[in-house]
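Undergrad: from the sequence below, what's the structure:
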Amino acid sequence: MNWIENLKKSDYTLIIILGVLIAIIIEIYSIRHNRWLYTESMPTISGIGISPLIQLSATSIIGLWLVKLIKIE
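TA: Okay, here's the model as predicted:
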């Protein structure tokens, strides 16, 4: 059985958690290595931009939906 055809709440939760963790790692690395900085207008949590955290989680879920929608057998 293909798991993507039968996604459960736990699958979505796992993808969201992984998305947030990956975003945190990328953000911390990039800030520490001066790859980018945040302006005062960027909302942050512990120095990490909120929008990148939301963006990676949202695109992970959208990616799952798209794969399920256009699944090629």
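
Undergrad: the residue nearest to Asn2 when sequence neighbours are not counted in helix, strand or coil?
TA: The shortest distance from Asn2 to any non-neighbouring residue, by CB to CB, 6 or more residues apart in numbering, is to Lys71 (7.8 Å). In this view, the C-beta of every residue, glycine as well, is placed from N, C-alpha and C. Assigned state for Lys71: coil (three-state reduction, DSSP: H, G, I helix; E, B strand; the rest coil).

Undergrad: against Glu5, how distant is Lys71?
TA: Distance of Lys71 to Glu5, computed by CB to CB, to the nearest Å: 7 Å.

Undergrad: circling back to that earlier point, now for the residue nearest to Asn2, how many residues are close by?
TA: Summarising burial for Lys71: neighbours were counted as other CB atoms under 10 Å, giving 10.

Undergrad: for the host helix or strand of Ile62, name the packing helices and strands.
TA: Here Ile62, judged by DSSP states H and E, is contained in helix 50-69. Under the contact definition 3 or more CB pairs under 8 Å, 6 or more residues apart in numbering; DSSP states H and E, helix 50-69 sits against helix 9-32.

Undergrad: for the helix it packs on, packing partners?
TA: Identification of packing neighbours for helix 9-32 by 3+ CB pairs under 8 Å, 6+ apart yields strand 48-49, helix 50-69.

Undergrad: and these: which comes nearest Tyr12?
TA: Closest of the helices and strands packed on helix 9-32 to Tyr12 is helix 50-69, at 6.4 Å (criterion: CB to CB).

Undergrad: how far off centre is the closest one?
TA: Computed by CA atoms, centre = their mean, to the nearest Å, the chain-centroid distance of helix 50-69 equals 6 Å.

Undergrad: brilliant, that's me finished.
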